[in-house]
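Mind looking at a prediction? Sequence and model below.
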Amino acid sequence: MPRARVPRQYFEGADLEDEDDSDSGDKSEPSPARGPLGRTTRCASRLETTSHRRIAAKLRSTIDFMALQGLDVATLLYYLTWNLDDEEDEQLDPDDRDNLFTHTSNLGVIKYARTALTHYDKLPQILENLRCPPREHGRGIRSQGARGAMDAWSLDNVKMLVSKDLHALSAMMTCPTSNLTEEHLLSINLVDSVREARALAPTLWDLLLSATCTPRQLKKNTYKDPSEVIFIIMCQLSFSRSSKRCKYQQLMSIYFKSCGVSGKAADTLYLWKICMSQSWIYGTLEQIGDRNHQDMLHDIHVLSLPISGGHDNLNLGFKTYEQRSDNKSHFDSGCAATIYTFAHPTCVAPDAKAFQQQWHEGAKNPITSLDILDAEIRGAERLYQENKRIVLKILMMSTEFAFATYTQRTHSVFVGPPPVLQLPIGREHATRQYMLKTVHKEEASLDGNDKCMKEWFLQMRLDDTETRKSLALNKVIPWIGDQLTVCRLRTLKKLRSWDLNWWDRMEVILELFGWFHAQIYQEHSIIKQHYTTTKGMGLKHAFDELERKGLGSPSVQGNYHQTAREALKHVTMAHVQDLWQLVGDVQDLTELRAKTPEDLDAIAAKIVTDYASTNALTKLDTLPREEQDDLFKNAVMYCRDGLDYWNFDDAMLSGDVGRMELLLPRLLYRYHGGGNCKYTIEILELFQSILREKDAFLAYDMVQEHNIRDIKYTFMVLGPFATWEYIHKISGSIPTQRKVKDHVEANFNHFRRGKSHTTPEAEKDIKNLQAAYKNAKVHVHLPGRHLQVADRAKDFIALGSDQPKLDATIKRWVENRTSSRATTEDWEVEPPVCSITDPENHTHGGTQGLNSSAGQQ
């Protein structure tokens, strides 16, 4: 049917070519001066100057006329709003313009009038008045208006728009519920997802925004952002509509599990549609663990990447809520292992043949005390520069000096020397970590370590003769553990030193101690050496002054390491800040801002040379007894040891393995002089490798023990349903849990808090301790100030560097060390393969292996 036309007179000058109807899908609003709105605009303009009494009379006349026509306002609006059938609309001749109005279709006129109404700028006010009629306060009768009908219509309309928005979100929320991968979880960027959701569902977003905060809050708050809250609600709504729309619930499920959320809490969160169910979490973690295990096998067997590994004891307490004779609370031990693969091309696995050749040559030429002394002399100048840098750093950290506003803060004096040999840094150099399946076996004994190593090789699919032969003849696997683990592995290699081939002799393993535990025992040694008594102004006095509890009894559990590390650094800072005032001849560190960088460098050099060095202690020991000052000597000795500890800690954190190597002689002297024979042997073994077998391994073998410690404690499984079988299944997912945890916190909490707790201000504690040192004049030499023997600290470095005693220790170490091994390569005899889960079939290794191989020899 042709479009109906109306005469110009009807709209008083309306343009026929611009006339249109909202029914036809017109997207542009008609011009107020032309088209259907022309008459409405002019009528409204004239009525603005008309009194309301005359307007009321016009309305009355119109309503009376409508009554004569059998209509009223309600029926007029009903039929005007698309409730008329237009099939009876007449076919008009477009050329008959003279009588166009007479022959115009009635429906055409109605359409144009309706268009004027729908595009009227005061239509919202009309609707609002219909919903809530205006009324002066306290006068007239309260009219309900059309509130009920319009609220119901508005609600239906909002429901339709919300449903449309939720449907638009389905694509970004949908995710398969199985075969979840680590790459998929880490690819979810919550910031981009929030932006995408806001664009796809604008109505729902605006609705939730108005619900989460008031307009006043939106205007006033500059920090709080409700976007994340709105996004989580949208995820809940979408997941409630379809269980397949669970992309973000899956991510949050792994995050909650990595944070230690209990099973009941997970089920509650699932009811709220915030995460997946507990059963889904358990199944997915097992799938992720299996997938990670396959990725590890791909790195080892397909890509042939260099690998290293390590294992440690895992002690768990299992609590039973309903005890029976076979179901009681108990403490149990297991073993957890991690494999590291190195994908960067510069990481090359140690060559097995070169390693064996270097070992045999080095075994014939063990190190001596002179070799260690020579290493100390070579590194002394560089360590002096590093200690001077630390003294300057302590000054820069002081709030009184205010280094950030120091005029010459860019001077080269404050930069310090470059690293000696720093490990490469960057994502491309990061190791890939794969955790093997945890097993229910102790590893404290020789037999336990033997069974554990066989289980790890089975999990790595190194269980057939050809694979073992290829690996043993071409690569060496560095294996990291604490001192006990390394000692057990070294003993196993000694017992098997005359077995048939490289694999049976365990020559494929290069055992290395973990630096994390070495640092802990360094802390134990310093505390043991300088604890003394309160009168001696040693660490006991410092710990009491700082109110640090529990440091008098050395431990490797809990947060002892963190507390001891922080306390030792604070004591060192108090000593050095007092020395800055003394040597700089100032009453306050603020006065040092007036000095040039060259002057500060000279003061730092004097502090290290005269108040924190072995040479200074030697000069004090040469004085007659009546001129000696025991308290001053204690302070000099601690400053030397405190700076060395700070130096070692800084080298570990920065990955400067060259500086760690320079500190090895001092570590050896400390362990030897302090009576720690176990770590004395470990440092001697490392010296032997560096000085006699230096081509046998690369720097990346120095992996810190704290990674295994993180695996043992951060993701420990607790609760009545925790079993070794469950721990065995999900162990491989722990690296992924750690990554997801960091990923989610980086997305959601990036502006709220970091990975660690806020460090309390330590300046006040350090100042109080410094004031105590200043009042006691511990850094001023007062001849004749003597202390009791219990108040005087022993010099572990001097005791440990005593050449006759050190030579005797090295001699005992060489006698107990494996000095020769078999060189045969007989791969015809297949050794019995047994799993750790089948200890009854374990017949190979230990003294039995030694006896059988000795007989063959």
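Cool, got the structure.

Look up phi and psi at P133.
Per-residue torsions, P133: phi -60, psi 140 (degrees, to the nearest 10).

Tell me how many other residues surround it.
15 (other Cβ atoms under 10 Å). For the C-beta atoms, the positions are set from N, CA and C on the backbone; glycine is no exception.

hang on, it packs against R147?
No - at 9.0 Å, P133 does not count as touching R147 under the criterion of Cβ atoms under 8 Å.

centre of the chain versus the longest helix along the chain, how much separation?
Criterion DSSP state H: the longest helix present in the chain is helix 369-397. Centroid separation between helix 369-397 and its chain, computed with Cα atoms, centre = their mean, to the nearest Å, is 33 Å.

taking the mean pLDDT, what do you get for that helix?
The average of the pLDDT scores along helix 369-397 is 94.

helix or strand right after it?
The helix or strand immediately downstream of helix 369-397 is strand 432-435, counting by DSSP states H and E.

any residues touching the helix or strand hosting I232, and which ones?
I232 belongs to helix 227-241 when assigned by DSSP H and E. Helix 227-241 has contacts (Cβ atoms under 8 Å, 6 or more residues apart in numbering) with 166, 169-170, 173, 190, 193-194, 197-198, 201, 204-205, 208-209, 212, 245-246, 248-249, 272-274, 748.

quick revisit: buried residues, the longest helix of the chain. List them.
For helix 369-397, a neighbour-count test (16 or more other Cβ atoms under 10 Å) marks 369, 371-372, 375-376, 379-380, 383-384, 386-395 as buried.

what's that helix packed up against?
helix 560-583, helix 597-611, helix 630-654, helix 657-662, helix 664-673, helix 677-691, helix 803-816 (3 or more Cβ pairs under 8 Å, 6 or more residues apart in numbering; DSSP states H and E).

just those helices: most buried one?
helix 664-673 (a mean of 24; mean count of other Cβ atoms under 10 Å).

For that helix, give the mean pLDDT please.
95.

ok now stretch 216-224, how far from the chain's centre?
30 Å.

Put the alpha carbons of it into PDB.
This file holds the C-alpha atoms of stretch 216-224, laid out as PDB (Å, rounded to 0.1, in the frame of the first residue of the first chain):
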ATOM      1  CA  ARG A 216      26.700  11.400  45.700                       C
ATOM      2  CA  GLN A 217      29.100   8.600  46.200                       C
ATOM      3  CA  LEU A 218      30.000   8.600  42.500                       C
ATOM      4  CA  LYS A 219      30.800  12.300  42.700                       C
ATOM      5  CA  LYS A 220      32.600  12.200  46.000                       C
ATOM      6  CA  ASN A 221      34.600   9.000  45.800                       C
ATOM      7  CA  THR A 222      37.900   9.200  44.000                       C
ATOM      8  CA  TYR A 223      39.400   6.000  45.200                       C
ATOM      9  CA  LYS A 224      36.700   3.400  45.400                       C
END
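
Checking the spatially most central residue of the chain next. Helix, strand or coil?
Geometric centre of the chain, nearest residue: D742, 3.4 Å, by Cα atoms, centre = their mean. Put simply, D742 is helix when judged by DSSP: H, G, I helix; E, B strand; the rest coil.

S555 now?
Relying on three-state DSSP, one would call S555 coil.

where's it relative to K528, distance?
Noted for S555: a distance of 13 Å to K528, by Cβ to Cβ, to the nearest Å.

repeat for D267
In terms of Cβ to Cβ, D267 sits 50 Å off from K528.

How about T590?
For T590 relative to K528 (Cβ to Cβ), the value is 37 Å.

quick one: which of these two has more around it?
Ranked by neighbour count (other Cβ under 10 Å), T590 and K528 place K528 first, with 17 against 13.

since we're on the closest residue in space to that one that isn't next to it in sequence, how many residues are nearby?
Closest residue to K528 apart from its sequence neighbours, by Cβ to Cβ, 6 or more residues apart in numbering: G674 at 6.3 Å. Using other Cβ under 10 Å, G674 has 22 other residues around it.

List phi and psi for G674.
Per degrees, to the nearest 10, the backbone of G674 is at phi -90, psi 0.

Do I have it right that it meets A798?
No - judged on Cβ under 8 Å, G674 makes no contact with A798 at a distance of 11.5 Å.

before we move on, back to that, for the helix holding I232, list the C-alpha coordinates in CSV.
Output of helix 227-241 as CSV, limited to C-alpha atoms (Å, rounded to 0.1, in the frame of the first residue of the first chain):
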residue,chain,number,x,y,z
SER,A,227,33.4,-1.8,38.6
GLU,A,228,34.8,-5.0,40.1
VAL,A,229,31.7,-5.5,42.3
ILE,A,230,29.4,-4.9,39.3
PHE,A,231,31.4,-7.3,37.2
ILE,A,232,31.3,-10.1,39.8
ILE,A,233,27.5,-9.7,40.1
MET,A,234,27.2,-9.9,36.3
CYS,A,235,29.2,-13.1,36.4
GLN,A,236,26.9,-14.6,39.1
LEU,A,237,23.8,-13.7,37.1
SER,A,238,25.2,-15.2,33.9
PHE,A,239,26.3,-18.4,35.6
SER,A,240,22.9,-18.7,37.2
ARG,A,241,21.3,-18.7,33.8
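
which element follows that helix toward the C-terminus?
By DSSP H and E, the next helix or strand past helix 227-241 is helix 247-258.

model confidence over that next one, on average?
90.

shaky segments in the stretch 1-150 of the chain?
1-36, 85-105, 136-142 (pLDDT under 70).

go on, the chain?
Using pLDDT under 70, the chain drops low at 1-36, 85-105, 136-142, 317-330, 556-558, 693-722, 726, 749-761, 829-857.

sorry, back to before: how much space separates the residue nearest to the centre of the chain from E286?
Per Cβ to Cβ, D742 is found 22 Å from E286.

before we move on, what about T181?
Counting by Cβ to Cβ - T181 and E286 are separated by 14 Å.

Which one's more surrounded, the two?
E286 (17 against 14).

can you give me the angle the strand or helix carrying that one makes with helix 247-258?
Using DSSP H and E, the element containing E286 is helix 278-297. Interaxial angle, helix 278-297 versus helix 247-258 (axes from the mean of the first three to the mean of the last three Cα atoms, to 10 degrees): 80 degrees.

Parallel or antiparallel, list what pairs with the helix or strand just after helix 278-297.
Sequence order places strand 307-318 as the next helix or strand after helix 278-297, per DSSP H and E. Strand 307-318 has the following sheet partners, assigned by DSSP bridges: strand 330-341 (antiparallel), strand 477-481 (parallel).
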